[in-house]
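*Asks:* Below are the sequence and a predicted model for it; my questions follow.
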Amino acid sequence: MAEWSPVETTLDEPVSETILRDLREVGAKLRLVVLPRASQAGVLDRLKEWDLWGPLAVCLTLSMALSAGAPRDQSALVFAAVFVVVWLGAAVVTLNAQLLGGSISFFQSVCVLGYSLFPLDVGAFACLLLHVMTRSFLLRAAVVGTCFAWSTRVSVVFFSEIIEAKRRALAIYPVFGFYAFIAWMILVQN
């Protein structure tokens, strides 16, 4: 008879260890988005291990950045609008990828789309600073354009791996539209 060995669980670990482990995991996935590698094989496998803590943090950060730049009486509305646009947009893009035969779960796709928003977060904070310092629309447009291209590239690399070649354009177009709409929201915040 085989000897029974207990399964390793994290139910009895301290909450602080759980939080630190999750924060390290979120940081590692953000690093994959910020510093993309030439070889995407390991990156795609890592991003397929989905979690929603990172995308939630990225979404909340973007919502706070855009609501901070909004007029005082509209900041709550802007926060809610950004939050809803991000999650509904991610759901629509994910549903589209699944209907096109993508080999990805709903939460994996939402996770990738959420982490890929991080460059646009950086762009939103940069635009807040640029608006205060220079008020140059062209400089803000250049920053947002760069962050938009960065976010789109990360997602496109991932989605091009899970969708067959003949349907790839149909899967990539909504990703482009999703990030373009969010970039537009950042650009017109003031």
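*Replies:* Looks like it arrived, so ask away.
*Asks:* per-residue confidence for residue 4?
*Replies:* What the model reports as pLDDT for residue 4 is 63.
*Asks:* And the residue nearest the centre of the protein?
*Replies:* Of all residues in the chain, the one closest to the mean position by CA atoms, centre = their mean is residue 114, 2.3 Å from it.
*Asks:* Can you find the helix or strand in the protein with the smallest mean pLDDT?
*Replies:* Ranked by mean pLDDT, DSSP states H and E, the weakest helix or strand in the chain is helix 41-48, scoring a mean of 66.
*Asks:* What is the subsequent helix or strand relative to that helix?
*Replies:* helix 53-68 (DSSP states H and E).
*Asks:* which parts of that following helix are buried?
*Replies:* Going by neighbour count (16 or more other CB atoms under 10 Å), the buried part of helix 53-68 is 54-55, 57-59, 61-67. All C-beta atoms are positioned from the backbone trio N, CA, C, and that covers glycine.
*Asks:* repeat for stretch 119-131
*Replies:* 119-128, 130-131.
*Asks:* now swap in stretch 22-41 and tell me
*Replies:* Buried, per 16+ other CB under 10 Å, within stretch 22-41: 26, 29-30, 32-33, 40.
*Asks:* which residues touch residue 109?
*Replies:* Going by CB atoms under 8 Å, 6 or more residues apart in numbering, residue 109 touches 90, 93-94, 97-98, 102.
*Asks:* out of those, which one sits closest to residue 167?
*Replies:* residue 102 (8.5 Å; CB to CB).
*Asks:* Wait, the closest one touches residue 161, no?
*Replies:* No: assessed by CB atoms under 8 Å, residue 102 is found out of contact with residue 161, at 9.5 Å.
*Asks:* More neighbours: which of the two?
*Replies:* Using other CB atoms under 10 Å as the criterion, residue 102 and residue 161 rank with residue 102 on top: 20 against 17.
*Asks:* what's the helix or strand for that one?
*Replies:* Here residue 102 is assigned to no helix or strand, by DSSP H and E.
*Asks:* Now do the contacts for residue 95.
*Replies:* Taking CB under 8 Å, 6+ apart as the test, what residue 95 contacts is residue 106.
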